[in-house]
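Asker: No sequence on hand, only this structure:
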């Protein structure tokens, strides 16, 4: 027989041990209910912490719009510039000088490309919007008059060219060519080349009603290349072996759009190509235009097929 006091002590020890075991089982059960901290969770946590301190480089955008004549220059300049400055984005859109200037006046673009001078009416419209158009000449061009390679005519006087485009001369035989009705090609009215040609060749007379409007310069070249009766005008950089360039006759002789003649202004259809900005260029716009005017940028102008400004 176990004494009463010893029995009580043994019972107390048994109860204590049983309580410890029960509490341990409960704690272990609760621990198993907690999801494990997986490697994915660890990475997510680290990423979230890192994101709090992440400060990406801001991308500054420049929108350029306008002349299809200048378009290949701006595209080539942009490619080179963005390789050197990946934090900047330059978006270039054609459509014609008038469209580019209109978008510039509306504040939609930072730079307007124009193959003609901005008009007084456009300057006034810009002034209403508190925009001050400032011109930067980036290259020189000589408008080339082109015909099909099968056309025997080699040159035209400015007067003959005017008579073709106003509809006074309608057949190539009147000019020593084949007996074919002349297919007169013009650019659309938003084109700076359209306006420049009208002012300097037609002397602001109206184009012939039978003239066919082409949507862009590439279309003019393609049409002339495939039609022996066609004639068109294009920027110098678009000239290729698929068509023939005509000489232009003036009192001093017959001239072709050669570099020295264009720079001297001797070639009758010499013209500057320009950017327009709101006031003097600043910030990233200035940085971009400075690149275009740099030795590297002007070498790109020459490679595209136009003449550098110096």
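Answerer: Everything's here; your move. Just so it is clear, the model here is predicted, and its values are computed rather than measured. Residues are numbered from 1 along each chain as shown.

Asker: CA only for contacts and neighbour counts going forward, please
Answerer: Will do.

Asker: could you show me where the helices are in the protein, in order?
Answerer: Counting by DSSP state H, residue ranges of the helices within the chain are 4-33, 39-52, 71-84, 97-105, 120-128, 158-166, 192-200, 217-226, 259-264, 283-293, 295-304.

Asker: and stretch 230-246, how far apart are its ends?
Answerer: Between the start and the finish of stretch 230-246 there is a gap of 13 Å, counting by CA to CA, to the nearest Å.

Asker: contacting residues around it?
Answerer: 69, 141-149, 153-156, 182-186, 193, 217-218, 220-221, 223-225, 256-257, 304-306 (CA atoms under 8 Å, 6 or more residues apart in numbering).

Asker: quick one: low-confidence ranges for the chain?
Answerer: 1-59 (pLDDT under 70).

Asker: which residues does residue 274 form a beta bridge with?
Answerer: According to DSSP bridges, the partner residues bridging residue 274 are residue 114, residue 137.

Asker: and the gap between the residue nearest to residue 66 when sequence neighbours are not counted and residue 142?
Answerer: If the residues on either side of it in the chain are set aside, residue 66 comes closest to residue 100, at 3.6 Å by CA to CA, 6 or more residues apart in numbering. Here the distance between residue 100 and residue 142 works out to 21 Å (CA to CA).

Asker: between these two, who's got more neighbours?
Answerer: Neighbour totals were compared for residue 100 and residue 142, and residue 100 leads with 29 against 25 (other CA atoms under 10 Å).

Asker: ok, the more buried one touching residue 115?
Answerer: No. Here residue 100 does not reach residue 115: they are 10.5 Å apart, not a contact under CA atoms under 8 Å.

Asker: got any residues that touch both of those two?
Answerer: residue 67.

Asker: got a list of what the nearest residue to residue 184 once chain neighbours are set aside touches?
Answerer: Counting by CA to CA, 6+ apart, residue 211 is the residue found nearest to residue 184 once chain neighbours are left out, at 4.9 Å. Applying CA under 8 Å, 6+ apart, one finds that residue 211 lies in contact with 165, 183-186.

Asker: Those in strands, which ones?
Answerer: Among the contacts of residue 211, the ones falling in strands (DSSP state E) are 183-186.

Asker: Residues contacting stretch 148-155, please?
Answerer: Stretch 148-155 is contacted by residues 175-178, 224-231, 242-249, 254 when judged by CA under 8 Å, 6+ apart.
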